[in-house]
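Q: this one's sequence-less:
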C-alpha cells in the first residue's frame, strides 16, 4: 500500500526546483522548472524521460554537485549545500582510473574519508565479492569487459555504505545481455537485503528497465523538464516481462511519453521563434527504413511502439526521436503509444528515389522552419551562399550549444538529401549548386 511507503523516513525532499542557464543578451535557457520529488527509505525510484528532459541535471542537484537556480533541496530535513555525506553515484561511463587496480579503484572513496588501510582493504574486498568480481582485485580496467568495469564502478559506490545510491543511466553503455545480467544481479541483492543502501534513485531512458526495477517512476516532459506523471509499480520481484500486466504498464508509459501536450501561451507572451524547435539527429535512411517496415506486413501502416522497438531492437532514445522526426515532416503521427503512417508517408514509401527527394523537400519547406529559412536566405542572396555561423548563433538563442549543433547538422543532412541546398564543410557555408541556382532564379521575384 502507498501508506507503507510514505511512513518510511524521508531522505531527499526537492521542492519547486528550477535550473536555468543565463545566456547573454537573451532569455535564460530553462532546463528544469517546478520539479518536486520526495524520496523515502526502502524504495527504488526512476527518473524516466527523453534525452534533454533534465533528468541527469536533477540527479546532480540531488547529489549536491549542482545548486539549483530556485527551489529547495533537503537531505534528512537539512538544506543541501554542496556534496552530501551518505550519497554515492554510479555514472553512465565507467569513470575508472586506468592506472589503478580494481581494489585501488574501489578503495578511493574510503581513502578520501580517511578510513584506515586495513579497514579499507576488507571493505573493498567485501564490496568486490558482493558485485561478483571476487578474484579480480589485482586486475586493471583495460583487462576487463564493459560489464565488469561497470561492476567496479558499482562496488566503488557501495563500499562507502551510502544511504542513497544515485545511478545515471548505469546500463546504457553495456550490450543488451550484459546490461540484463547486471540489472538482475542488482535487484536480487536489493530484494535479499544485501545492498548496503537505503534507497536508489536512477536516471533511465529505458521504459522496460524502469518497470523491471523500480517501485516508483517519475515520467519527465521536456523543454523545460517537469514531472509529468508519477506511477507506482506494484509488481513483486522478480518481475516477469511477459506478464500481461507488465506489458500493459510499458504500453501505458509509451502512451504517456508520446502524448502531445496542448500549449497554453500567456496572453502577453511573444510568438515562438521558428528556430526554437530542436531537430533530432535522425538520418533519412533510418526514417525511410522505419516507414518501409511500418507500411509492410504485418503492420499495414500502424504499429505499437513497444512492439516495433522490440522487433527493431531500438531503445527509447532511438525510437522516439525517429518517430518525432517522421511526425515533424508529416510522414507519421504518434498517438497513445502507436505510430501511424500518414498518406504522405505512404506516398513516400511507394515512390522512386528522385520522387522521394521531391516529397521530402516539400515537407521540409512546409513543416521545418529552419530548413525553409536556410533555403529562403540562399534564394535571396546574390551569390546564393550563407554562413552556418549565422544560423547556429540564432539557434543558440533558444537552446543549448549542443542541441543547436545537432539541429544544424540535421538540417544540413536533410537539406542535402532533398537537394534543397548543398554544404561546404571546409568553409562552413550553405550554398546552391547550378541546378538549385536556376531553380532559385525562377522563384525569386526580379527587382
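A: Structure's in. What do you need? Treat the numbers as computed from the prediction; the structure is a model and nothing was measured.

Q: Strands of the stretch 151-300 of the chain, residue ranges please.
A: Remark: strands assigned in the stretch 151-300 of the chain by DSSP state E, counting those that start in this stretch are 164-168, 199-204, 216-221, 226-232.

Q: can I get these in CSV with mean neighbour count?
A: Any C-beta I mention is one placed from the backbone N, CA and C, and that applies to glycine too. Shown next, in CSV, are these (neighbours: other CB atoms under 10 Å):
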stretch, mean neighbour count
strand 164-168, 23
strand 199-204, 24
strand 216-221, 22
strand 226-232, 16
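
Q: In TSV: these, plus mean pLDDT and distance to residue 374.
A: Formatted as TSV, those follow (pLDDT from 0 to 100; distance: least, CB to CB, whole Å):
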stretch	mean pLDDT	distance to residue 374
strand 164-168	93	36
strand 199-204	94	35
strand 216-221	93	29
strand 226-232	93	32
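
Q: for the ones you listed, which one sits closest to residue 381?
A: Of all these, it is strand 216-221 that lies closest to residue 381, at 39.0 Å by CB to CB.

Q: ok and the helix or strand harbouring residue 71 relative to strand 164-168, angle-wise?
A: Using DSSP states H and E, residue 71 sits in strand 70-75. Using axes from the mean of the first three to the mean of the last three CA atoms, to 10 degrees, the direction of strand 70-75 lies 130 degrees away from that of strand 164-168.

Q: Number the residues from 33 up from this point.
A: Done: numbering now begins at 33, and the last item shifts to strand 102-107.

Q: What are the buried residues along strand 102-107?
A: Across strand 102-107, burial judged by 16 or more other CB atoms under 10 Å covers 103, 105, 107.

Q: Buried residues of stretch 158-165, list them for me.
A: Buried-residue list, stretch 158-165, by 16+ other CB under 10 Å: 159-160, 162-165.

Q: now, which of those residues lie within helices?
A: 159-160, 162 (DSSP state H).

Q: which one of the residues you listed is nearest residue 333?
A: residue 162 (50.2 Å).

Q: From what I see, that closest one and residue 222 are in contact.
A: No - look at residue 162 against residue 222 with CB atoms under 8 Å: they stay out of range, at 11.7 Å.

Q: Name every strand pairing with the strand holding residue 103 and say which way it goes.
A: Sheet pairing of strand 102-107 (DSSP bridges) gives strand 42-53 (antiparallel), strand 110-111 (antiparallel).

Q: can you list contacts of it?
A: 43-50, 66-67, 93-94, 96, 111-112, 116, 118-119 (CB atoms under 8 Å, 6 or more residues apart in numbering).

Q: Looks to me like residue 436 is in a helix.
A: Yes - Residue 436: assigned to a helix according to DSSP: H, G, I helix; E, B strand; the rest coil.

Q: What about it, how many residues nearby?
A: 20 (other CB atoms under 10 Å).

Q: any idea of the pLDDT on it?
A: Residue 436 carries a pLDDT score of 87 in this model.

Q: tell me the contacts of it?
A: 310, 424, 427-428.

Q: From residue 410, how far off is it?
A: 20 Å (CB to CB, to the nearest Å).

Q: Likewise for residue 194?
A: Taking CB to CB, one finds residue 194 at 56 Å from residue 410.

Q: Report the contact partners of the nearest residue to residue 213 once chain neighbours are set aside.
A: Nearest non-adjacent residue to residue 213, counting by CB to CB, 6 or more residues apart in numbering: residue 179, 7.0 Å away. By CB under 8 Å, 6+ apart, the residues touching residue 179 are 206-207, 210-211, 213-214.

Q: Just the buried subset of those, written out for PyMOL, thanks.
A: Selecting only the buried entries of these in PyMOL, with 16+ other CB under 10 Å as the criterion:
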select buried, resi 206+210+211+213+214
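
Q: so which of the contacts of residue 179 comes closest to residue 243?
A: residue 211 (14.9 Å).

Q: give me every residue that touches that closest one.
A: By CB under 8 Å, 6+ apart, the neighbours of residue 211 are 179, 203-204.

Q: pLDDT value on it, please?
A: pLDDT, residue 211: 82.

Q: for the one 3 residues further on, same thing?
A: We note a pLDDT of 85 for residue 214 in this prediction.

Q: Surely it is in contact with residue 183?
A: Yes - in this structure, residue 214 is within contact of residue 183 by CB under 8 Å, at 6.9 Å.

Q: domains of this structure?
A: Per automatic domain parsing, the structural domains of the chain span 34-290, 316-381, 395-475.

Q: Which one, of these, ends up nearest to residue 389?
A: Using CB to CB, the nearest of the domains of the chain to residue 389 is domain 395-475, at 5.3 Å.

Q: rewinding a little: helices - which of the contacts of residue 436 land there?
A: 424, 427-428.

Q: Hmm, residue 364 is touching residue 374, no?
A: Yes - using CB under 8 Å, residue 364 makes contact with residue 374 at a distance of 6.0 Å.
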